[in-house]
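> Here is a sequence together with a model predicted from it:
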Number of protein chains: 2
Amino acid sequence: MSDTGRGVKTTETSFRIVEAIRDEPGLGISALGREVGLSKGAVSKHVHTLTDLGYLVREGDGYYLSNRFLSLGIQARERFPIEHVRPVVSDLAETTGHVANFIAREDDRGIYALRIRPDGSEDGDIAEGDVAPLHATAGGKAILAHLPADEKRALLADSSLPAYTEKTLTDRADLERELRSVRDRRVAFDREEYRKGHQCVASPIIGSEGTAIGAISVTGSDYHMSGKRLEEDAVGLVTSAAKSVENALLSR
Amino acid sequence: MSDTGRGVKTTETSFRIVEAIRDEPGLGISALGREVGLSKGAVSKHVHTLTDLGYLVREGDGYYLSNRFLSLGIQARERFPIEHVRPVVSDLAETTGHVANFIAREDDRGIYALRIRPDGSEDGDIAEGDVAPLHATAGGKAILAHLPADEKRALLADSSLPAYTEKTLTDRADLERELRSVRDRRVAFDREEYRKGHQCVASPIIGSEGTAIGAISVTGSDYHMSGKRLEEDAVGLVTSAAKSVENALLSR
DNA sequence: AAAAGCGTTCTCATACCGTGAACGGAAGTG
DNA sequence: CACTTCCGTTCACGGTATGAGAACGCTTTT
């Protein structure tokens, strides 16, 4: 990996272990060793350290992430005045009947920072804290379309555009064309470009400097309604929700 | 330094840096070095590693926690069927008009895993992910009172009882006496024992094995209502909320 | 201009991480 | 009940990656 001597390998290892536990809670020392390719002795050291620090919890013969991680995630989210965003996203979820998201921009990616499901709906395969690829999600495209030209170019430069489904836009020119339209209309769509059977509608949140700092989106699934109907119903609500957040942010 | 060789020092250092950023977002390399007592070169390595891993974000000349941490915190919370707990705690907050919490037990401490404020209230000095000392909070005492005798003894054994205010119970005998009453009534109180001007009422959530796995609590502040009134109003609501969660957990 | 701050990069000594083996215990198998 | 297997802990040791410190270029302050 990054062996330029600029990194701290031990920390990488610890986080590999943490992420292995996140992805499969309840793993034990040996299983973790197999998972990350380390000896039992080494894993034992890491796990003990992380437990002493309070970030892992042992229960029976397995390890779990501690709720202590919430103190980091919640604080991260506070960088945004998230309490102004929450009621808007919540309303959006209830009135549309679909999952509503706030996606925060962080460098070359978006993160689902808030994800609210309407009462009674199932939770899908996306969770708060997950990464939203900028080129393959409605929220990401809403953000991309509202970046300064040089920044956008930097983001699309070295990163080839990975395909998540067969509908993902992988051609730069196609993407650029769509982004122009997104920029004009302030709305972006995702038609099964990231997950099969899932459509999204998103609108950007533009900061005081004129660049996107996030997006509001709504996710609909095939099972409940066609993509067309989702777009018709949600476009207006999503854009006004984003606008409303935008105003709340500016007047602080 | 007497190192037992059971730890991983580098990981500790990385988390010291992460926590420094949590407590003071926007710190730079030099400031972090001063904060944790490391050379600039060393801090630079750690911070680059954490940024590459996606857990820190650089903005301007400061570093911030990434929302990526949410993927860890949220997953940690999912160990509980938290979506069954949320509506109950939410209702509790609205009907009482006070902050309502779900506190998860983790080994020798409680963690505020869910904290919901009624509409329009300020957020205080406690956040999700924070530690709730077992002997000094209502939720903690509710948990302590419903542990097997040997476990309780182990928890109260080596840990002296630190005083957070002058009302904190620091005498073991006093605490034991109160815990007996808590066990009988299924309600615990905190009368400014953790934070000045804050009272709490809590009721335990008892798992299938008869031991407490968490607690539901309500926090009131002096400014809005006296401790007496809080207790009168909230006792019934808190206990029935806890019971309701308990039933939801058992019938899964 | 000069000084002081910042973050990066370099070199180097040594502390510490990771391997592998040995150990005791728990659980499964005959 | 012996036998096996798997687990987590611990130990000693060799190699290496970590952290101190200084030098550098840069920006900002004086």
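Arrived safely, thanks for sending. Residues are numbered from 1 along each chain as shown, chains lettered A, B, ... in the order given.
> Now do the helices in chain A.
Counting by DSSP state H, chain A has helices at residues A:9-23, A:29-36, A:40-53, A:69-78, A:82-96, A:138-144, A:149-157, A:172-185, A:227-250.
> Could you chop chain A up by domain?
Each domain of chain A is listed here as a residue range: A:9-66, A:74-250, per automatic domain parsing.
> okay, those domains in CSV with mean pLDDT and mean neighbour count next?
C-beta: built from backbone N, CA, C; applies to glycine. Converted to CSV, the domains of chain A look like this (pLDDT from 0 to 100; neighbours: other C-beta atoms under 10 Å in any protein chain shown):
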stretch, mean pLDDT, mean neighbour count
domain A:9-66, 97, 18
domain A:74-250, 91, 19
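> and of the ones you listed, who's closest to residue B:84?
Of all the domains of chain A, domain A:74-250 sits nearest to residue B:84, with 12.4 Å by C-beta to C-beta.
> how far out from the middle of the chain is that closest one?
The chain centre lies 9 Å from the centre of domain A:74-250; the measure is C-alpha atoms, centre = their mean, to the nearest Å.
> that older thread, including distance to residue B:8, could the helices of chain A go into CSV?
Shown next, in CSV, are those (distance: least, C-beta to C-beta, whole Å):
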stretch, distance to residue B:8
helix A:9-23, 6
helix A:29-36, 14
helix A:40-53, 4
helix A:69-78, 18
helix A:82-96, 33
helix A:138-144, 36
helix A:149-157, 35
helix A:172-185, 43
helix A:227-250, 41
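> looking at the domains of chain A, which is closest to residue B:32?
That would be domain A:9-66 among the domains of chain A, by C-beta to C-beta, at 14.4 Å.
> and that closest one, how far apart are its ends?
Using C-alpha to C-alpha, to the nearest Å, the end-to-end distance of domain A:9-66 comes to 23 Å.
> Likewise for stretch A:206-216?
11 Å.
> what does it contact?
With C-beta atoms under 8 Å, 6 or more residues apart in numbering or on different chains as the contact definition, stretch A:206-216 has outside contacts at A:80, A:88-89, A:92, A:100-105, A:110, A:113, A:138-140, A:142-148, A:151, A:188, A:202-205, A:238, A:241-242, A:245-246, A:249-250.
> quick one on the thing from earlier: can you add distance to chain B and give the helices of chain A back as CSV?
Below are those laid out as CSV (distance: least, C-beta to the nearest C-beta, whole Å):
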stretch, distance to chain B
helix A:9-23, 4
helix A:29-36, 13
helix A:40-53, 4
helix A:69-78, 3
helix A:82-96, 7
helix A:138-144, 13
helix A:149-157, 13
helix A:172-185, 23
helix A:227-250, 15
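> Quick one: closest of those to residue B:56.
helix A:69-78 (9.5 Å).
> what helices or strands is the closest one leaning on?
Helix A:69-78 sits against helix B:9-23, strand B:62-65, helix B:69-78, strand B:109-116, with contacts defined as 3 or more C-beta pairs under 8 Å, 6 or more residues apart in numbering or on different chains; DSSP states H and E.
> Ok, which of those comes nearest DNA strand D?
Smallest distance to DNA strand D across the helices and strands packed on helix A:69-78 (C-beta to the nearest atom of the strand): 4.3 Å, for helix B:9-23.
> report the angle between the axes of the closest one and helix B:29-36?
Interaxial angle, helix B:9-23 versus helix B:29-36 (axes from the mean of the first three to the mean of the last three C-alpha atoms, to 10 degrees): 110 degrees.
> follow-up on the earlier one: can I get the domains of chain A in TSV with distance to DNA strand D?
Output for those, formatted as TSV (distance: least, C-beta to the nearest atom of the strand, whole Å):
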stretch	distance to DNA strand D
domain A:9-66	2
domain A:74-250	17
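> wait, which of those domains is closest to residue B:130?
Closest among the domains of chain A, using C-beta to C-beta: domain A:74-250, at 9.2 Å.
> picking that back up, with distance to residue B:55 as extra columns, can I get the helices and strands packed on helix A:69-78 in a markdown table?
Conversion of the helices and strands packed on helix A:69-78 to a markdown table gives the following (distance: least, C-beta to C-beta, whole Å):
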| stretch | distance to residue B:55 |
| --- | --- |
| helix B:9-23 | 7 |
| strand B:62-65 | 7 |
| helix B:69-78 | 6 |
| strand B:109-116 | 20 |
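> show me what contacts the residue nearest to residue A:121 when sequence neighbours are not counted?
Excluding the flanking residues, the one nearest residue A:121 by C-beta to C-beta, 6 or more residues apart in numbering or on different chains is residue A:99, at 6.8 Å. Contacts for residue A:99 were tallied using C-beta under 8 Å, 6+ apart; they are A:93, A:115-118, A:121, A:124, A:218-219.
> and which of those residues is nearest to residue A:46?
Nearest to residue A:46 among the contacts of residue A:99, with distances taken as C-beta to C-beta, is residue A:115, at 30.4 Å.
> who's the closest one bridged to?
Beta-bridge pairing for residue A:115 (DSSP bridges): residue A:101.
> wait, it sits on residue A:127?
Yes: using C-beta atoms under 8 Å, residue A:115 is in contact with residue A:127, at 7.0 Å.
> sorry, back to before: look up how far residue A:185 lies from the residue nearest to residue A:121.
22 Å (C-beta to C-beta, to the nearest Å).
> again with residue A:171
For residue A:171, the distance to residue A:185 - C-beta to C-beta - is 21 Å.
> Check residue A:241 too.
15 Å.
> what's the span of stretch A:52-67, first residue to last?
Note: stretch A:52-67 ends 14 Å apart using C-alpha to C-alpha.
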